[in-house]
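Student: When you get a sec, could you give me coordinates for this:
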Amino acid sequence: MIEDSRNTMAQKVFPIRTAREPAPAYDGQPLADTLGRNLRDLRISVTDRCNFRCVYCMPREMFDHDFKFVAHAEILSFEEMARLARLFAGLGVKKIRLTGGEPLVRRELHRLVAMLAQIPGLDLTLTTNGSLLAKQAEALAKAGLKRVTVSLDSLDDATFRAINDADCSVERVVEGIEAAAAAGMAPIKINMVVKRGTNDGHVVAMAERWRGTGHILRFIEYMDVGSTNGWRMDDVVPSAQIVKAIGERYPLEPVDPDYRGEVAERWRYRDGAGEIGVISSVTQAFCRDCNRLRLSAEGSLYTCLFAQGGHDLKWLLRHGGSDAELVNEIAAVWRARGDRYSEIRTAETAKARKIEMSYIGG
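Tutor: Residues are numbered from 1 along each chain as shown. Take a look at the predicted model:
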């Protein structure tokens with residue numbers, strides 16, 4: 001049994017299952033888990049750090065100045081991430097999303113983008129809070145990043161600052177969106193997490209601001225990610241309610257998904273002013289089509305956003321593991337996967353200790 005080398009506070013907060021005995025040899029067949037779901041998407045967290053302290057993700061009372069993040073030496077290098085990405089592509093992954101934490105706090109991230117952009121047939125994108133995007137958009141685009149998703153939870157500056165708890169203005173994020181568009185990234189997706197009593201009254205204003213711009217606004221139900229955000233079902237605004245509110249002002253019609261497993265349910269404005277999406281993992285669970293794996297910044301593999309543990313790949317990476325051994329381990333993890341948390345969510349399961357979203361990415 002391989003011992004976990006972490007010795008920080010994060011070890012207590014983010015439990016990790018270490019690697020088991022060597023996995024059986026991969027047989028080359030398409031990967032399907034125990035529920036018949038094929039592997040398609042990989043999310044790579046490039047850092048567990050963030051310059052925001054959003055109340056639904058990294059509340060400051062938990063992630064304060066005493067919190068010990070993963071040591072730099074324990075985080076995967078860009079070369080290690082790129083090596084794993086190539087292996088995942090060989091196993092059927094078509095899309096990689098870079099995330100965090102906040103990925104743009106990782107120095108020289110454009111170098112990793114350039115490495116991943118060389119993988120044939122890969123849809124490469126990135127999710128960011130947008131606060132550092134204006135300065136980095138051009139370098140990221142030149143490195144090969146085609147698309148970006150930006151989080152923006154309100155257009156009201158006071159509300160937005162209260163949510164991000166980092167004194168970042170709406171204007172700064174909008175500047176990042178505009179810089180990404182000017183650099184040629186398209187379409188830009190803008191994510192709004194909707195929490196009752198906090199920003200649910202700002203939904204229609206967000207729709208008004210971004211319709212007709214070519215950007216795609218997406219509304220995300222407030223979820224019980226991690227164990228620190230104080231989630232309650234009463235705080236959830238059902239996506240059906242959001243669609244109804246916008247549709248009463250600007251008539252909408254449904255759009256077919258681009259592929260099986262697409263997380264957002266798509267709607268377009270009947271007047272041709274673009275589209276919106278809703279992500280309804282609380283009220284309309286889509287576990288049956290989930291095709292995503294998550295790789296943490298320190299090389300642990302997670303089969304669900306709501307996971308309680310992961311599988312160590314870093315040990316193999318740093319102890320001479322061959323590509324075949326890594327592929328065997330990845331294939332074994334996916335084929336044993338049976339996660340369907342959102343389908344079985346209850347008030348009790350919501351209390352379970354789970355990996356924080358800032359650690360494995362949204």
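
Student: Under the pLDDT cut-off, which ranges of the chain? List them.
Tutor: Where the chain drops to pLDDT under 70, the residues are 1-20, 224-231, 261, 286, 340-355, 357-358, 362.

Student: Strands of that one, start to end?
Tutor: Residue ranges of the strands in the chain, as given by DSSP state E, are 41-45, 95-99, 123-128, 147-151, 189-194, 216-221, 252-255, 265-269, 275-279, 292-295, 300-302, 311-312.

Student: Adding distance to M233 and mean neighbour count, write those out as JSON lines.
Tutor: Using the backbone N, CA and C atoms, a C-beta is placed for each residue, glycine as well. Below are the strands of the chain laid out as JSON lines (distance: least, Cβ to Cβ, whole Å; neighbours: other Cβ atoms under 10 Å):
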{"stretch": "strand 41-45", "distance to M233": "26", "mean neighbour count": "24"}
{"stretch": "strand 95-99", "distance to M233": "26", "mean neighbour count": "23"}
{"stretch": "strand 123-128", "distance to M233": "25", "mean neighbour count": "20"}
{"stretch": "strand 147-151", "distance to M233": "23", "mean neighbour count": "22"}
{"stretch": "strand 189-194", "distance to M233": "14", "mean neighbour count": "22"}
{"stretch": "strand 216-221", "distance to M233": "10", "mean neighbour count": "23"}
{"stretch": "strand 252-255", "distance to M233": "26", "mean neighbour count": "13"}
{"stretch": "strand 265-269", "distance to M233": "20", "mean neighbour count": "18"}
{"stretch": "strand 275-279", "distance to M233": "17", "mean neighbour count": "23"}
{"stretch": "strand 292-295", "distance to M233": "24", "mean neighbour count": "24"}
{"stretch": "strand 300-302", "distance to M233": "24", "mean neighbour count": "26"}
{"stretch": "strand 311-312", "distance to M233": "31", "mean neighbour count": "22"}
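
Student: Any idea which of those strands gets closest to F69?
Tutor: Smallest distance to F69 across these (Cβ to Cβ): 12.0 Å, for strand 41-45.

Student: The closest one to strand 95-99, inter-axis angle?
Tutor: For strand 41-45 against strand 95-99, the angle by axes from the mean of the first three to the mean of the last three Cα atoms, to 10 degrees is 20 degrees.

Student: between strand 41-45 and strand 123-128, how many degrees?
Tutor: 40 degrees.

Student: Check what contacts strand 41-45 and list those residues.
Tutor: Outside strand 41-45, the residues within contact range by Cβ atoms under 8 Å, 6 or more residues apart in numbering are 81, 84-85, 88, 93-101, 103, 261, 291-297, 359-362.

Student: Paired strands for it, with orientation please.
Tutor: Paired with strand 41-45 in the same sheet, following DSSP bridges, are strand 95-99 (parallel), strand 292-295 (parallel).

Student: closest one to L76 among these?
Tutor: strand 292-295 (8.1 Å).

Student: ok, and what's touching the closest one?
Tutor: By Cβ under 8 Å, 6+ apart, strand 292-295 touches 39-45, 81, 84, 88, 93, 261, 301-303, 305, 307, 313, 330, 333-334, 360-361.

Student: do stretch 24-38 as well
Tutor: With Cβ under 8 Å, 6+ apart as the test, stretch 24-38 has contacts from 39, 91-92, 261, 288-291, 303, 324, 327-328, 331-332, 334-338, 340.

Student: Ends of it, what's the gap?
Tutor: End-to-end distance of stretch 24-38 (Cα to Cα, to the nearest Å): 19 Å.

Student: Pull out the buried residues from that stretch.
Tutor: 26, 31, 33, 37 (16 or more other Cβ atoms under 10 Å).

Student: got the contact list for the residue lying farthest from the centre of the chain?
Tutor: Farthest-out residue of the chain from its mean C-alpha position, per Cα atoms, centre = their mean: D271, at 31.1 Å. With contact set as Cβ under 8 Å, 6+ apart, D271 has these partners: 250-251.

Student: Check W334 too.
Tutor: Residues near W334 by Cβ under 8 Å, 6+ apart: 31-33, 39, 91, 293, 303.

Student: Between those residues, which sits nearest A166?
Tutor: Comparing those against A166 with Cβ to Cβ places L293 closest, at 29.5 Å.

Student: on that earlier part again, with distance to F63 as new columns, can the strands of the chain be given to me in TSV?
Tutor: Output for these, formatted as TSV (distance: least, Cβ to Cβ, whole Å):
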stretch	distance to F63
strand 41-45	15
strand 95-99	17
strand 123-128	18
strand 147-151	17
strand 189-194	17
strand 216-221	20
strand 252-255	37
strand 265-269	31
strand 275-279	24
strand 292-295	19
strand 300-302	19
strand 311-312	24
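
Student: farthest-separated two in the contacts of W334?
Tutor: Counting by Cβ to Cβ, the most remote pair of these is L91 and T303, 14.1 Å apart.

Student: okay, those two: which has more neighbours?
Tutor: Set L91 next to T303 and count neighbours by other Cβ atoms under 10 Å: T303 wins out with 20 against 17.

Student: Distance of G121 relative to P22?
Tutor: Distance check for G121 against P22: by Cβ to Cβ, to the nearest Å, it reads 30 Å.

Student: swap that for H110, sorry
Tutor: On the measure of Cβ to Cβ, H110 and P22 end up 36 Å apart.

Student: who's more crowded, those two?
Tutor: Remark: of H110 and P22, H110 carries more neighbours, 19 against 12, as counted by other Cβ under 10 Å.

Student: if I pick that one, what's in contact with it?
Tutor: H110 touches 136, 139-140, 142-143, 145, counting by Cβ under 8 Å, 6+ apart.

Student: What's the ChimeraX line that selects buried ones from those?
Tutor: To isolate the buried ones among those in ChimeraX, judged by 16+ other Cβ under 10 Å, type:
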select :136,139,140,143,145
